[in-house]
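Engineer: here are the coordinates; sequence isn't available:
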């Protein structure tokens, strides 16, 4: 067999074996890999190259070595799941870098982290003043998580005592110019509704790169041609304006009528509608 053909076949075998073995190892981003997993990834890649190119050695020996590495890695992962001591020994423990607003210099030295590097990591978290940090910890994977002081925490509805309902995910109903029937059915809509919305925007489905419907039924599109501007959906704004107009009409009827009972009814209805508008306003202004 010619060398080029043998290398091609070995490479294909290495790719297939590597694919299935990495599927066994699971999904992790590079930043989430432990030290041992990082070493395993490098070694497996080197072994795959060895299987592909080393014509003087038996290729199956490389596959055996790959299998051993993967088996050991999976075994260590199960051990980490079962034992905290094993996790602490293999991955290490989190290290506190800032506590009560004060930098712990000894822990910085322990992690061999320079002051400039600490400030760089804080800036990556949108923190530009050390005084704004209440607590910062370096995780075993090297990432630094930050807790801001109470004065600098972002304001949330919970701080204001407002209860906010869950936000269902938006559904992608058009992708690469093709209608996705399953997401449409998930939100209880049809192709007829989608075609009506496309007519409103004045575009054909084949010109749509991506189309999404949010939890409030508003349709958003991104076109292949970025030079074409699509008008923003106005359903929420129109609904809010209609509700305000109804409120104003009720107040006007209450002021103009001479009938006492009718006046009280209009005023009561106006107050109830005002209460409804106050409740739905956060949703209509998103």
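Structural biologist: Everything's here; your move. Keep in mind the model is a prediction, meaning the values are calculated, not measured. Numbers count the residues shown, from 1 in each chain.
Engineer: quick one: furthest residue from the center of the protein?
Structural biologist: residue 258 (58.4 Å; CA atoms, centre = their mean).
Engineer: before we move on, what SS does it have?
Structural biologist: Per DSSP: H, G, I helix; E, B strand; the rest coil, the local secondary structure of residue 258 is coil.
Engineer: over to residue 134?
Structural biologist: Applying three-state DSSP: residue 134 is strand.
Engineer: flag the shaky bits of the stretch 51-200 of the chain, pLDDT-wise.
Structural biologist: 51-59, 159-160, 162, 164-167 (pLDDT under 70).
Engineer: all strands for it, in order.
Structural biologist: All strands of the stretch 51-200 of the chain, identified by DSSP state E, counting those that start in this stretch, fall at 95-99, 102-103, 133-138, 144-148, 171-175, 178-179.
Engineer: any idea of the pLDDT on residue 285?
Structural biologist: pLDDT recorded at residue 285 is 54.
Engineer: now do the helix or strand where residue 267 lies: which elements does it pack against?
Structural biologist: Assigned by DSSP states H and E, residue 267 belongs to helix 260-284. In terms of contacts (3 or more CB pairs under 8 Å, 6 or more residues apart in numbering; DSSP states H and E), helix 260-284 is packed against helix 235-256. The way it works is simple: take the backbone N, C-alpha and C, and place the C-beta from them, glycine included.
Engineer: residue 112 versus the residue farthest from the centre of the chain, what's the distance?
Structural biologist: 85 Å (CB to CB, to the nearest Å).
Engineer: state the phi and psi torsions of the residue farthest from the centre of the chain.
Structural biologist: Main-chain torsions, residue 258, degrees, to the nearest 10: phi -100, psi -10.
Engineer: same deal with residue 129?
Structural biologist: phi -130, psi 130.
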